[in-house]
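S.K.: sequence unavailable; structure follows:
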Ligand SMILES: [Fe+2]
Ligand SMILES: [Fe+2]
């Protein structure tokens with residue numbers, strides 16, 4: 001059996017019964033179903049329940065006139081697309097203008113002209129059909145877009161998770177490499193972890209962009225990677241070192257540079273700079289090149305500062321761990337081994353104003369076993 005063609009729903013609003021039959025007779029050749037309302041309030045209720053495709057609306061109605069009904073329906077986002085044809089027996093121009101003013105789509109004057117009613121109805125139903133098509137299509141498109149956006153968001157979150165897991169694995173590898181390089185234990189893992197975080201904090205205070213802060217956070221833990229080339233009995237010697245042994249230890253900077261050199265990765269390039277320059281001093285008394293002031297790359301200056309502070313707070317073969325107050329005093333006032341002239345004055349100022357953050361980072365990551373020796 002052939003599918004029945006969609007029948008348009010037409011609401012006729014008129015309190016005169018004879019007028020109902022007249023319109024349905026004129027439209028008998030169109031596939032329509034009709035509903036009747038005899039007053040303004042009933043017209044509103046029937047518009048909601050019947051969902052018409054077209055409304056013929058008499059101006060003169062009991063309770064609520066046709067203009068008020070039309071205005072209400074045209075102001076409602078659920079009904080404003082329904083075409084409304086207003087009808088009146090009054091022949092002058094006023095009612096017609098008033099109908100257009102309240103949003104009516106067309107106007108008919110009684111006595112009704114059959115052809116005029118027929119063609120206006122057919123045309124307005126086509127416009128309504130097209131408006132419905134656009135509305136439904138927009139709803140479908142919006143649902144489709146939402147689905148795609150959700151899929152894209154899920155994929156992006158997966159990517160972020162993978163990236164985070166990759167970064168975590170990478171950092172773990174760097175920390176382990178440091179342990180091997182320095183012939184040490186878990187304590188040196190927490191040291192390089194803290195140095196990375198302290199460097200990121202200082203870089204943030206200097207106003208670096210987010211990506212560069214991340215670079216130094218991940219590059220700085222490798223500052224002592226060159227110690228892999230230094231014999232362990234010298235690295236771990238508890239007694240005083242001979243001048244030759246000190247000279248040998250100092251080569252861990254250039255060895256680190258050679259290990260890291262020639263990479264295309266910006267992060268390994270920064271790690272190379274840091275490995276070579278993290279023992280330079282602001283006053284030019286550092287090594288390996290005795291660079292002075294602004295000639296020392298800023299990455300090296302930052303790591304030198306963070307590394308020294310954390311070394312003061314940690315246990316070393318040649319010293320006990322100093323407490324927060326003592327470490328602060330040595331950084332700012334100096335002792336027999338080091339002085340504030342070793343550091344970039346701008347970094348020293350950042351330390352003075354944010355030393356509590358330095359301490360928080362130490363406290364947060366200090367709880368690992370002490371060195372075995
Ligand atoms: Fe070093
Ligand atoms: Fe270090």
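M.R.: On my side now, so go ahead. For clarity, every value in this text was computed on a predicted model and none was experimentally measured. Ligands and ions are numbered 1, 2, ... in the order given.
S.K.: ok, residue 351 to ligand 2 distance?
M.R.: 17 Å (Cβ to the ion, to the nearest Å). Every residue, glycine included, has its C-beta placed from N, CA and C.
S.K.: and for that residue, the neighbour number?
M.R.: Counted with other Cβ atoms under 10 Å, residues neighbouring residue 351 total 23.
S.K.: can you list the residues that contact the helix or strand harbouring it?
M.R.: Using DSSP states H and E, residue 351 falls within helix 345-364. Here helix 345-364 makes contact (Cβ atoms under 8 Å, 6 or more residues apart in numbering) with 194, 197-198, 201-202, 205-206, 282, 301-302, 305, 309-310, 313, 324, 328, 331-332, 340.
S.K.: so among those, which ones count as buried?
M.R.: Neighbour-count burial (16 or more other Cβ atoms under 10 Å) is assigned, among those, to 194, 197-198, 201-202, 205, 282, 301-302, 305, 309-310, 313, 328, 331.
S.K.: help me confirm that residue 328 is found in a helix?
M.R.: Yes: using DSSP: H, G, I helix; E, B strand; the rest coil, the assignment for residue 328 is a helix.
S.K.: from ligand 2, how far off is it?
M.R.: 19 Å.
S.K.: excluding chain neighbours, what is closest to that residue?
M.R.: With Cβ to Cβ, 6 or more residues apart in numbering as the criterion, residue 328 has its nearest non-adjacent residue at 5.7 Å, and that residue is residue 355.
S.K.: how much space between that neighbour and residue 339?
M.R.: For residue 355, the distance to residue 339 equals 17 Å [Cβ to Cβ, to the nearest Å].
S.K.: rewinding a little: what comes up buried for the helix holding residue 351?
M.R.: Using 16+ other Cβ under 10 Å as the test for burial, helix 345-364 gives 347-348, 350-351, 355, 357-359, 361-362.
S.K.: again, but for stretch 216-230
M.R.: Applying 16+ other Cβ under 10 Å to stretch 216-230 flags 216-228, 230 as buried.
S.K.: again with stretch 57-73
M.R.: Buried residues in stretch 57-73, counting neighbours by 16+ other Cβ under 10 Å, are found at 57-59, 61, 66-67, 69-70, 72-73.
S.K.: likewise for stretch 79-98?
M.R.: Buried, per 16+ other Cβ under 10 Å, within stretch 79-98: 79, 82-88, 95-96, 98.
S.K.: now that stretch: mean pLDDT?
M.R.: Stretch 79-98 shows a mean pLDDT of 86 in the predicted model.
S.K.: what of stretch 118-134?
M.R.: Here the average pLDDT along stretch 118-134 is 86.
S.K.: contacts only, for the residue nearest to residue 217 when sequence neighbours are not counted.
M.R.: Distance criterion Cβ to Cβ, 6+ apart; nearest residue to residue 217, sequence neighbours excluded, is residue 200 at 4.0 Å. If you count contacts by Cβ under 8 Å, 6+ apart, residue 200 has them with 213-214, 216-217.
S.K.: circling back to that earlier point, with the buried residues of stretch 57-73 in mind, which one is nearest to residue 50?
M.R.: Nearest to residue 50, judged by Cβ to Cβ, of these is residue 73 at 12.6 Å.
S.K.: quick one: that closest one from residue 102, how far?
M.R.: For residue 73 relative to residue 102 (Cβ to Cβ), the value is 9 Å.
S.K.: residue 15 should be in a helix, yeah?
M.R.: No: under three-state DSSP, residue 15 falls outside any helix and is assigned coil.
S.K.: for it, grab phi and psi.
M.R.: phi -90, psi 0 (degrees, to the nearest 10).
S.K.: burial measure for the residue nearest to it when sequence neighbours are not counted, as a count.
M.R.: Spatially, and ignoring its direct neighbours in sequence, residue 15 is nearest to residue 38 (4.8 Å; Cβ to Cβ, 6+ apart). For residue 38, the count of nearby residues is 19 (other Cβ under 10 Å).
S.K.: now do residue 38 against ligand 2, distance only.
M.R.: In terms of Cβ to the ion, residue 38 sits 92 Å off from ligand 2.
S.K.: distance of the residue of the chain at minimum distance from ligand 2 from residue 359?
M.R.: Nearest residue of the chain to ligand 2: residue 307, at 4.3 Å (Cβ to the ion). Distance of residue 307 to residue 359, given as Cβ to Cβ: 16 Å.
S.K.: next one: residue 221
M.R.: 20 Å.
S.K.: helices along the stretch 201-350 of the chain, start to end?
M.R.: Ranges of helices within the stretch 201-350 of the chain are 210-219, 232-235, 243-250, 252-260, 266-277, 298-313, 324-333, 345-364, based on DSSP state H, counting those that start in this stretch.
S.K.: confidence score at the residue nearest to residue 15?
M.R.: In this model, residue 38 is scored at 92, pLDDT.
S.K.: residues contacting it?
M.R.: Residue 38 neighbours (Cβ under 8 Å, 6+ apart): 13-15, 62.
S.K.: closest one of those to residue 318?
M.R.: Closest approach between these and residue 318, by Cβ to Cβ: residue 13, at 99.4 Å.
S.K.: any figure for the gap between the closest one and residue 63?
M.R.: Where residue 63 is concerned, residue 13 sits at a distance of 12 Å (Cβ to Cβ).
S.K.: also residue 334?
M.R.: Separation of residue 334 from residue 63 (Cβ to Cβ): 95 Å.
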